[in-house]
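> Quick one, fold the following:
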Amino acid sequence: MVNCAHLARSAALVGLAAAAISCRSINAPAGVGRDMATSIPANTLLLAGLNLDDLRASPLYPKLPPAARALAEPLRDAAYLLLASNGKDLLSIARGRFREAPPGATLVAPGLAVAGSPDSVRAAIAQHKASRDGAPDLLARAASLADGKQIWMVARGGVPLPVAGNTANLNRLLRNTEYAAITARIGSRIEIEATAVGRTAEAGREFEENLRAILSLTAVANARQPDLVALIRSIQIRREDRTVRAALSAGPDAAASLLRLVPR
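Next up, the predicted model:
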């Protein structure tokens, strides 16, 4: 004979376990809530985060060129932004004070909007409905690096970034890495840190050599901009076995020089 009381207790335990799983905390940078984490498609290879509220309050924001501020205008009601790429499509996941979806975006839940290619948006919505973290390893990597940083990016090694022009040299640089990350803290100074872990010690050494060569060529190409050249040459690079780290610290006025290196 079936023990109904036993079945009821079992059902209750299963329900509690499911609730615990769905509500569990995530290992992610501050500002990335579970609603955002469960909107990241499972095929994500590169993940970036921007704390937009903190950026707007920073000394850097007024120094952005008008074109950059115009790009940010559709996200004026967003507090935090995630960018996820599978190497082909780029998806944005924004959390903020949305009364309605921003232009070109779709509301996944109250205060949560996604935008991108139709395939990437469908993947984000499906992931959110399933309530599963799409890229827990990338979020965990970011959590260990991004404390107090307004901007961060992590990428699995060997992943082609969705970039073109001279910036595509990054793909050649990263092809033999296990993972790579970059963070930026913006306050009275701008502090940028980059980390790359090679698949082998030899790959780490090759990464360091290629990075130094790219920076040297960039300095030569911008020889008529002495402030920019000095900024490039101030970058500190060190390697420990497979891991290469680069760090740059500069005043807020240096942001304009750095932005000139970024293609439109």
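> Can you show me the helices along the stretch 101-250 of the chain?
Chain-ordered helices for the stretch 101-250 of the chain, with DSSP state H, counting those that start in this stretch as the definition, fall at 118-130, 136-145, 169-174, 201-221, 226-233.
> other SSEs contacting the longest one?
It refers to helix 201-221. helix 169-174, strand 190-198, helix 226-233, strand 236-240, strand 243-250 (3 or more Cβ pairs under 8 Å, 6 or more residues apart in numbering; DSSP states H and E). (C-beta placed from N, C-alpha, C; glycine too.)
> Could you dump these into CSV with distance to L46 and mean neighbour count added?
CSV is the format used below for the helices and strands packed on helix 201-221 (distance: least, Cβ to Cβ, whole Å; neighbours: other Cβ atoms under 10 Å):
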stretch, distance to L46, mean neighbour count
helix 169-174, 10, 16
strand 190-198, 13, 20
helix 226-233, 24, 15
strand 236-240, 22, 12
strand 243-250, 18, 17
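> would you list the ones you listed in a markdown table and tack on distance to R99 and mean pLDDT?
Shown next, in a markdown table, are the helices and strands packed on helix 201-221 (distance: least, Cβ to Cβ, whole Å; pLDDT from 0 to 100):
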| stretch | distance to R99 | mean pLDDT |
| --- | --- | --- |
| helix 169-174 | 38 | 74 |
| strand 190-198 | 33 | 92 |
| helix 226-233 | 41 | 88 |
| strand 236-240 | 46 | 96 |
| strand 243-250 | 38 | 94 |
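> I'd like these as CSV, with distance to P110 appended.
CSV is the format used below for the helices and strands packed on helix 201-221 (distance: least, Cβ to Cβ, whole Å):
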stretch, distance to P110
helix 169-174, 37
strand 190-198, 34
helix 226-233, 43
strand 236-240, 44
strand 243-250, 39
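> D119: which of those is closest?
Each of the helices and strands packed on helix 201-221 has some distance to D119 by Cβ to Cβ; the shortest is helix 169-174, at 22.1 Å.
> between the helices and strands packed on helix 201-221, which one is nearest to K63?
Shortest separation from K63 across the helices and strands packed on helix 201-221 is recorded for strand 190-198, at 10.2 Å, computed as Cβ to Cβ.
> ok, P62 to L55 distance?
Distance from P62 to L55, counting by Cβ to Cβ, to the nearest Å: 11 Å.
> For these two, indicate the residue with more neighbours.
Legend: neighbour count by other Cβ atoms under 10 Å for P62 and L55, higher for L55 (17 against 9).
> Does T218 touch L231 like I think?
No: under the criterion of Cβ atoms under 8 Å, T218 makes no contact with L231, lying 10.4 Å away.
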